[in-house]
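Novice: Mind folding the following:
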Amino acid sequence: MSETQTAAKSKTEVVAVLMTDGRTVNFAGKRKVNKETVLDESKIVVDGDVMQLSAGAVSIRMDFRNGDTRLIPLPLTLLAKFAGHGGEQKFGDELASPADKPLSEEDMVIAIDDLNAEIQQGKWGKGRASGGGGVSGASIVVQAIVEATGKSFEVVKAFLQKKLDTTEGLTRKALYDSFRVAGTKTGIIIKRIEDEKLAKTAKVDADAELDNIG
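Specialist: Numbers count the residues shown, from 1 in each chain. Sure thing, here's the model as predicted:
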């Protein structure tokens, strides 16, 4: 099979469905329902640190592959609960990682701090598909930079965040990987830290076991 055939085969099929309210909605692959938040700006008034919401200001729209659609206004009495639930989901998603590159507890803390720094600036965050989210080994990279520079953890974190904010197209993973390059000051420190960590978790004495082979 050629590369072109492989690409064509792997391309996700998108089906356009006419909804009961007249909109046309695309459904990718086997997706059966699309969800989105719908805001009615005319019912949202912000005055300094105070926000006033009228009924129907925030709704959830659910579009089903069979053409049905539901627009669900969130009751004002439950908005705080819904906000908290959404916040839990947002920060929880930041900790998702592939099985072969799990996040350590230290990596998770850094991932949450990184996202919170953006959230507190009123930014939603880049999202995992755009290079957001936790990075496996991030805590070791930060530890290495701290050791190499003698700067505090807070100063290093602020530096990394500023680098991301001011460098177009730079993802968090790409930034951290740059400090892992073999032979660099931080790369050497990271290698030492990872070797020490591996030695502590070793289940057998590798050198001793070599004599038992054969």
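
Novice: Downstream of the helix or strand of the chain with the lowest mean pLDDT, the next helix or strand is which one?
Specialist: The weakest-scoring helix or strand in the chain, judged by mean pLDDT, DSSP states H and E, is helix 3-10 (a mean of 53). Moving toward the C-terminus from helix 3-10, the next helix or strand (DSSP states H and E) is strand 14-18.

Novice: and the helix or strand that that following strand is followed by, which residues are buried?
Specialist: Sequence-wise, the next helix or strand downstream of strand 14-18 (DSSP H and E) is strand 24-28. For strand 24-28, the neighbour count (16 or more other CB atoms under 10 Å) marks 25, 27 as buried. Glycine gets a C-beta too; all of them are placed from N, C-alpha and C.

Novice: Pull the residues that contact strand 24-28.
Specialist: Applying CB atoms under 8 Å, 6 or more residues apart in numbering, the contact partners of strand 24-28 are 12-19, 34, 63, 65, 69.

Novice: Tell me which two of those sit farthest apart.
Specialist: Thr12 and Thr69 (22.1 Å; CB to CB).

Novice: the more surrounded of these two?
Specialist: Of the pair Thr12 and Thr69, Thr69 is the one with more neighbours under other CB atoms under 10 Å, namely 18 against 8.

Novice: Was I right to think the more buried one contacts Gly22?
Specialist: No. Thr69 is not in contact with Gly22 according to CB atoms under 8 Å; the separation is 9.7 Å.

Novice: Could I have the CA atoms of the helix or strand hosting Asp107 written out in CSV?
Specialist: Asp107 belongs to helix 105-119 when assigned by DSSP H and E. The C-alpha trace of helix 105-119 is given here as CSV (Å, rounded to 0.1, in the frame of the first residue of the first chain):
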residue,chain,number,x,y,z
GLU,A,105,3.2,13.3,40.7
GLU,A,106,5.8,16.1,40.3
ASP,A,107,5.0,16.4,36.6
MET,A,108,1.3,16.7,37.5
VAL,A,109,1.9,19.5,39.9
ILE,A,110,3.8,21.4,37.3
ALA,A,111,1.1,20.8,34.6
ILE,A,112,-1.6,22.2,37.0
ASP,A,113,0.6,25.2,37.9
ASP,A,114,1.2,25.9,34.2
LEU,A,115,-2.5,25.7,33.3
ASN,A,116,-3.5,27.8,36.3
ALA,A,117,-1.0,30.5,35.3
GLU,A,118,-2.8,30.9,32.0
ILE,A,119,-6.3,30.6,33.5
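
Novice: in that helix, what counts as buried?
Specialist: Applying a neighbour-count criterion of 16+ other CB under 10 Å, one finds 107-108, 110-111, 114-115, 117-118 buried in helix 105-119.
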